[in-house]
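**Student:** any chance you could fold what I've pasted below:
(2 chains)
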Amino acid sequence: MPAVSKGDGMRGLAVFISDIRNCKSKEAEIKRINKELANIRSKFKGDKALDGYSKKKYVCKLLFIFLLGHDIDFGHMEAVNLLSSNKYTEKQIGYLFISVLVNSNSELIRLINNAIKNDLSSRNPTFMCLALHCIANVGSREMAEAFAGEIPRILVAGDTMDSVKQSAALCLLRLYKTSPDLVLMGEWTSRVVHLLNDQHMGVVTAAISLITCLSQKNPDEFKTCVSLAVSRLSRIVSSASTDLQDYTYYFVPAPWLSCKLLRLLQCYPPPEDGAVKGRLVECLETILNKAQEPPKSKKVQHSNAKNAILFEAISLIIHYDSEPNLLVRACNQLGQFLQHRETNLRYLALESMCTLASSEFSHEAVKTHIETVINALKTERDVSVRQRAADLLYAMCDRSNAKQIVAEMLSYLETADYSIREEMVLKVAILAEKYAVDYSWYVDTILNLIRIAGDYVSEEVWYRVIQIVINRDDVQGYAAKTVFEALQAPACHENMVKVGGYILGEFGNLIAGDPRSSPLVQFNLLHSKFHLCSVPTRALLLSAYIKFINLFPETKSTIQEVLRSDSQIRNSDVELQQRAVEYLKLSSIASTDVLATVLEEMPPFPERESSILAKLKKKKGPGAVSVNELEEGKREGELNGGGERGDNSGISASNASTPSPSADLLGLRTVPPVSAAAPSAGSLLVDVFSEAGVNDDGFLRDMEPPTESSDSLLAEGSGDSDSAPPSAVSEDPAPPLPESNELLNKFVCKNNGVLFENQLLQIGIKSEYRQNLGRMYLFYGNKTSVQFVTFTTTVTCPGELQSQLNVQTKIVEPLIEGGAQVQQVINIECLTDFLDAPLLNIKFRYGGALQNLTLKLPVTINKFFQPTEMASHDFFQRWKQLSQPQQEAQKIFKANHAMDTEVLKAKLLGLGMALLENVDPNPENFVCAGVIQTKAQQVGSLLRLEPNAQAQMYRLTLRSSKDTVSQRLCELLAEQF
Amino acid sequence: MIGGLFIYNHKGEVLISRVYRDDIGRNAVDAFRVNVIHARQQVRSPVTNIARTSFFHVKRSNIWLAAVTKQNVNAAMVFEFLYKMCDVMTAYFGKISEENIKNNFVLIYELLDEILDFGYPQNSETGALKTFITQQGIKGQTKEEQSQITSQVTGQIGWRREGIKYRRNELFLDVLESVNLLMSPQGQVLSAHVSGRVVMKSYLSGMPECKFGMNDKIVIDKQGKGGTTDEAAGKSSGKQSIAIDDCTFHQCVRLSKFDSERSISFIPPDGEYELMRYRTTKDIILPFRVIPLVREVGRTKLEVKVVIKSNFKPSLLAQKIEVRIPTPLNTSGVQVICMKGKAKYKASENAIVWKIKRMAGMKESQISAEIELLPTNDKKKWARPPISMNFEVPFAPSGLKVRYLKVFESKLNYSDHDVIKWVRYIGRSGIYETRC
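**Tutor:** Numbers count the residues shown, from 1 in each chain, chains lettered A, B, ... in the order given. A predicted model of the protein is given here:
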């Protein structure tokens, strides 16, 4: 390329730039720029034509001003003019300006495209290159449209210079990336692939980037590139370092090209052709061999280039996963890097090994490096490398080394970085569970885990340990003993107290024989932690205490004393207070038999996928999941010895749909007369088995009405259960609540209010109607402190309602935080008159349990009333017009509410019709008139309500132009008075 | 309260850094530099909040003064202090420039120690400060003098020391006003107000008591009603009385007396000070009227004609008149013809600047310009910024008149008649704009 000679330097530009740099303040700079812009404008305006040099200079200045952050709105034309210059520097500046400041001015684009076309068809390689670079730099859709057809031709033409080919390949790649639909390779495919055979290494390097990108989209078309790539690779690999001259980088022949070739091969499965495959394997072996050779240079560039090829080769070997020999060799090679001085190499080695560990051929080979990896975990300075080491340990773990690895990870946890602790905890928990041979080891490990990193132990981890202890008879005694011992530490983590409380409450009897852990000692130990714990833990402990009363009757008085103390029974936290009150009553009223049944030991839990694993997957994000799953799938058959995990998907699905009786922690169902456990008490304990899918409302519903033994508090509690949703946990929308009709009637005469409420959820409603359109705002309030997840609502119009109402809903947020409220807007259009109400189905998970309830949306035909005022004679005239028998609907019914005139008036007004005064001769009677607005038609309706105060009866008469409307309105209204 | 005070040069280098409170860390200095001085977008707000720290800044030419605090302070107080600080510095070493600050940094730290204590502003009266912060170095002050300073600074009248003697008792009073206007092209006043200051220079002996009177509407009305003064005067001045919207006074003015009697009485500081500041919005005399005429001739040409009319007594002379006519951003050439003064196209400011040295009242003058435009591919229309104007006139556009200024000194034997009094009115343009 012709360099810019000294004489060609633009003095004016240099002066301008130095002026700008010398400006003392922003204002001064702006002044200078304004002055320069005015100067350039007057120059461009000037009648005499500017010579190329000054044009170039001014365009350069404009470009500089633009790059300083000022707007430039002229000079494009001059820049385009420069494109047609024959001087390289002028053309170059023109292209530079265009590619920085291109705008979508259609006229200008046409000119630019024209100039580019001219340059592309010129025989001058530098001009062609400039044009190609400009296309690639702009890379817009317009450019692609104009040149996508032209560039492949240049790329494959026989007489194109090598440097132009390079530019063309990269330019095409850029266009393909921005608008793949416009770049159609079709006929050029094979010729592009054959560029791999090009003499010029630069062309090959450029082409291979293009081919890699193209073959990722349509691998079949480019299949032929595999053999070409392999032969090219083998030629490079086998060449001496001096053969390639320009393309040898610090004694490594064409490292970039080699890497790109290896990466291209990773897009395809191993070649089927034996010869090609043999050649490739040979190449890979050579690369591995070369890694063993002493370095030809001490320079870091040499080793970097060599290692880059090596790592790319190892990735390819892992990708093929079919050559045990190569895999093992790769593994050994990586093993050497594990102790390398270079941190980056160690990191890469660990990362590659992670994937190697999942291959069945190299798993054993990876395992031989366990000591080194553990060492890396302990002594490595770089945190990211330590993280990789931990990942690798997790990946290489199997039955044979689980104990060692888990122990190492546990000891590392004490000093681990805070950022990775939670992940480490999950990993330890999973490994311990997966490869547990005897469960005492498992219990030990998890308790240790809680002791060391209690803060990072998520709920799932301790839920899981309890599940396992309860399901395994053989560890229960051991677990109780260990927990008891662990609790004796002066300071123990709250999670430990939770596990301790739960396990001792269930299995404390198993260690009660020992005088050192007699019931009272156990209780005192637990209670000594009580005051330091948070509310949920205290609630759990209270449940443990009541279980103690059942297990050890001798502790009854002590425990009752505790429950009776003001700090419990008058606790400001409603949850604790309720538990204390109820447990106290339960313990004093119920006989031992009843107690024994109520407080029975927990039944075993159904087997299912560990929730911890799910959590880890979630934490690691989608990228890591695939690795995990891969590994899961591979290990399933041969290595899974834990016996704990079954067919994940199947079981979890079946769990979700069958409510498990075991979830009722206190076994309350079996004892009808006693309604203990506070309604929301379940939230804590039931959570333990989050996926069992039974909520506390469910078990409340199962309770019988309270007996005389339960106090008023309990009576209220069970009263609530009327409104509890059915706990059908299937994914289908639940049938509408039995009371939904009643709820519907509540809203006939009003538009706003609370539609529905239970212990978890409150639904408020606000609606407004105008003519045949309505808008309804639903407010979903989470009454608990736990978030609702996967919250979805759907509105359906059953049966023929679909054609009568048009309901549109906006999607609600799938997550409602505890105590939060979300709003949903529903737009309703009334197409024609209708009878039924649309159904609103709400589904969400509360602490894992699926809640499913269906309500009727309070949309009734009267909402679309438009009041009509009319005089007495008008009214009667119309009344007479609607005298056909089917147009009238009449009902005589008893008053449900007191017959207060004002209340009646308010209700009739709420109905939406106009209340007509002084129309009916009898002042006691009410008459109303209104028009129902639907999209299809308008239905005029007249109403007459005659109250009879003595008999407490009403006679309601409705006349409207449509018989169904009269009927429906009559039904609706009869419920209102 | 102010936690710290920094002074930067235009490059953002710290010239003065004084931290008064521990909650302001070292990084606060850099935070302001990075986020305000070197900000990509020009920071327009004088108050910037960075990481729960508030920065209040004023700019004097190329110098940035920034007060920093973490607390919820009275922002007006902080700015008042910063302006006071500028005044004090100007009084001590003249123009606030990088060089002056560098040359006087010991003095500035000394001043800062005196006028700001643990972040609370203290006495910042230049006259008082000059008695004990001097640039001459410590002269052998006698005990007596020192105790005098102490008693003065801590006493009730901190702004004046006792025992001042002049052979000639003189008093200078300047009414300085700046008139702000925004006018529509049709000559309709869109907004107008006058902000004025009464600046005094007093060279009086002893501890005189002064009384200042002006044609404030409330006072005049009161007097008119009470009928204490002669009615003729009441009537004539009643016509010219002005309505002051709001005013503030120098600390020497007895506010209780102003509140009860609307009379401005005070013991003046020695030397120069600002007695009061005020603002009026009604019945403003607009000294100049600008009549613009802009015609677009095709896409590449613009014709501008501007007429200015002076609107005051023919005997008075306005000075330093400057009319600034903005030009479009794609101006490529300008031809100007004006009847009076000089006009020039200033490309760096994107405006035609027309200067007239002097102009008498009730006259008019005209400029016409032809602006050539470069066609651009930008569709944006020119926003037509208003034509602005600068001038100086020898009267108060608000109509304010000084009625009297009386001096009483009971202890020394000079009376009101012996004092030589000078009164001067100067009206300047503030933002005086006419849309075109």
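**Student:** give me the below-cutoff pLDDT ranges for the stretch 301-436 of chain B.
**Tutor:** Applying pLDDT under 70 to the stretch 301-436 of chain B flags residues B:377-379.
**Student:** find the nearest non-adjacent residue to the residue of the stretch 701-850 of chain A found nearest chain B, please.
**Tutor:** Residue of the stretch 701-850 of chain A nearest chain B, by Cβ to the nearest Cβ: A:E817 (26.4 Å). Quick note: C-beta positions are derived from backbone N, CA and C, even for glycine. Among residues not flanking A:E817 along the chain, A:Q787 sits closest, at 4.9 Å (Cβ to Cβ, 6 or more residues apart in numbering or on different chains).
**Student:** tell me the contacts of that neighbour?
**Tutor:** Applying Cβ atoms under 8 Å, 6 or more residues apart in numbering or on different chains, we find A:Q787 in contact with A:L815, A:I816, A:E817, A:G818, A:A820.
**Student:** and A:G139, how many neighbours?
**Tutor:** 16 (other Cβ atoms under 10 Å in any protein chain shown).
**Student:** what segments of chain B are helices?
**Tutor:** For chain B, helices defined by DSSP state H occupy the ranges B:27-32, B:75-93, B:98-103, B:105-115, B:126-132, B:143-154, B:217-226, B:231-240, B:255-261.
**Student:** closest to chain A out of those?
**Tutor:** Once the helices of chain B are compared by Cβ to the nearest Cβ, helix B:98-103 is nearest, at 9.5 Å.
**Student:** about what we covered before: how near is the residue of the stretch 701-850 of chain A closest to chain B to A:K880?
**Tutor:** 60 Å (Cβ to Cβ, to the nearest Å).
**Student:** these two: who's more crowded?
**Tutor:** More neighbours surround A:E817 than the other of A:E817 and A:K880, with 13 against 9 (other Cβ under 10 Å).
**Student:** surely the more buried one and A:G781 touch.
**Tutor:** No: in terms of Cβ atoms under 8 Å, A:E817 does not count as a neighbour of A:G781; the distance is 11.0 Å.
**Student:** contacting residues around A:P125?
**Tutor:** Contact analysis of A:P125 by Cβ under 8 Å, 6+ apart lists A:M161, A:S163, A:V164.
**Student:** hang on, I meant B:D270
**Tutor:** B:G127, B:R160, B:R161, B:I164, B:S202, B:Y203, B:L204.
**Student:** got a PyMOL select line for the buried ones in those residues?
**Tutor:** In PyMOL syntax, the buried subset of these is picked out as below (16 or more other Cβ atoms under 10 Å in any protein chain shown):
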select buried, chain B and resi 127+160+161+202+203+204
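**Student:** and the contacts of B:D270, which of them are in strands?
**Tutor:** Filtering the contacts of B:D270 for membership in strands, criterion DSSP state E, returns B:S202, B:Y203.
**Student:** ok, and which of the contacts of B:D270 reach chain A?
**Tutor:** Among the contacts of B:D270, not one lies near chain A by Cβ under 8 Å from any Cβ of the partner chain.
**Student:** so who does A:K962 touch?
**Tutor:** By Cβ under 8 Å, 6+ apart, the contact list for A:K962 reads A:D833, A:Q887, A:Q937, A:V939.
**Student:** what about 7 Å?
**Tutor:** Residues near A:K962 by Cβ atoms under 7 Å, 6 or more residues apart in numbering or on different chains: A:D833, A:V939.
**Student:** what's the nearest residue to residue 404 if we skip its chain neighbours?
**Tutor:** Using chain A here. A:Q404's closest residue in space is A:I370 (Cβ to Cβ, 6+ apart), at 7.2 Å.
**Student:** oops, wrong one, chain B.
**Tutor:** B:G213 (4.5 Å).
**Student:** that neighbour reaches B:S265, doesn't it?
**Tutor:** No: taking contacts as Cβ atoms under 7 Å, B:G213 lies outside contact range of B:S265: 9.8 Å.
**Student:** show the contacting residues for the residue in the stretch 251-400 of chain B that chain A sits nearest to.
**Tutor:** The nearest approach of the stretch 251-400 of chain B to chain A comes at B:A347, 3.1 Å away (Cβ to the nearest Cβ). Counting by Cβ under 7 Å, 6+ apart, B:A347 touches A:N34, A:K35, A:A38, A:N39.
**Student:** thanks a lot, catch you later.
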